[in-house]
Structures are given as C-alpha cells and as structure tokens.
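Chemist: Return a 3D structure for these sequence lines:
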Amino acid sequence: MMTEANPQAGAEPEHPNDGPHDAPQELPPARKRLVRSRDDRWISGVCGGVAEYFGVDANLVRLLVVVGAVLGFGSLIIAYLVAWVLMPEA
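Modeler: Purely as a prediction, here's the structure:
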C-alpha cells in the first residue's frame with residue numbers, strides 16, 4: 001500500500017483567493033516618449049519636447065541647438081526639421 005508523504009500536494013486551496021498572486025499588481029510605469037511639447041514651444045516644440053524627455057531646461061536645449069547650428073554650418077537645422085516632421089505632438 002502506497003501512502004503519500006504530503007496529502008495536501010496538488011490539492012486546491014480552501015479559499016481560491018488565498019495565495020501569493022492575490023496582492024494588487026502595480027502597473028509598470030509609463031514609458032517616456034519623445035514628443036513635441038505643446039506648452040513649451042517657440043517654433044514647433046522640438047526643443048521643449050527634448051528638454052522634457054531628458055529633464056533639463058528647455059532654454060538650455062535651445063541654446064545648444066543655436067550654437068550647434070552656427071558651429072555645424074547649419075547641419076543641426078536639418079536635424080531639427082527632421083525631428084519636427086518625425087516627432088509626434090504631445
């Protein structure tokens with residue numbers, strides 16, 4: 001005659017809601033998205049959106065874009081225009 005070492009193994013719990021999965025599950029934090037800002041904008045909101053994404057001041061981003069455009073012979077202006085077209089608005 002075989003006896004089980006653990007008669008409870010495989011048995012259903014007395015209360016179906018008892019268990020480790022009963023705690024309310026927290027939703028994962030929302031992913032940050034790179035979008036053009038509606039509130040912090042001068043031209044199209046690209047610099048404001050980049051500033052919000054990285055958590056820096058928008059005026060600093062604008063200054064870097066202007067300096068980069070001057071020193072880069074306008075190549076950053078092309079990147080700005082591409083971002084304007086590709087980035088969705090918030």
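Chemist: Determine the three-state secondary structure at the residue nearest the centre of the chain.
Modeler: Residue closest to the mean C-alpha point of the chain, counted by Cα atoms, centre = their mean, is Lys32 at 1.7 Å. What DSSP: H, G, I helix; E, B strand; the rest coil gives for Lys32 is coil.
Chemist: tell me which element the closest residue to it other than its chain neighbours falls in.
Modeler: The shortest distance from Lys32 to any non-neighbouring residue, by Cβ to Cβ, 6 or more residues apart in numbering, is to Tyr53 (6.0 Å). From N, CA and C alone the C-beta is placed, and that goes for glycine too. Using DSSP states H and E, Tyr53 falls within helix 46-54.
Chemist: List the buried residues for that helix?
Modeler: The neighbour-count check on helix 46-54 (16 or more other Cβ atoms under 10 Å) flags 46-52 as buried.
Chemist: Quick one: list the elements packing against that helix.
Modeler: Under the contact criterion of 3 or more Cβ pairs under 8 Å, 6 or more residues apart in numbering; DSSP states H and E, helix 46-54 touches helix 58-71, helix 75-86.
Chemist: Tell me which of those lies nearest to Trp42.
Modeler: Among the helices and strands packed on helix 46-54, the nearest to Trp42 by Cβ to Cβ is helix 58-71 (7.0 Å).
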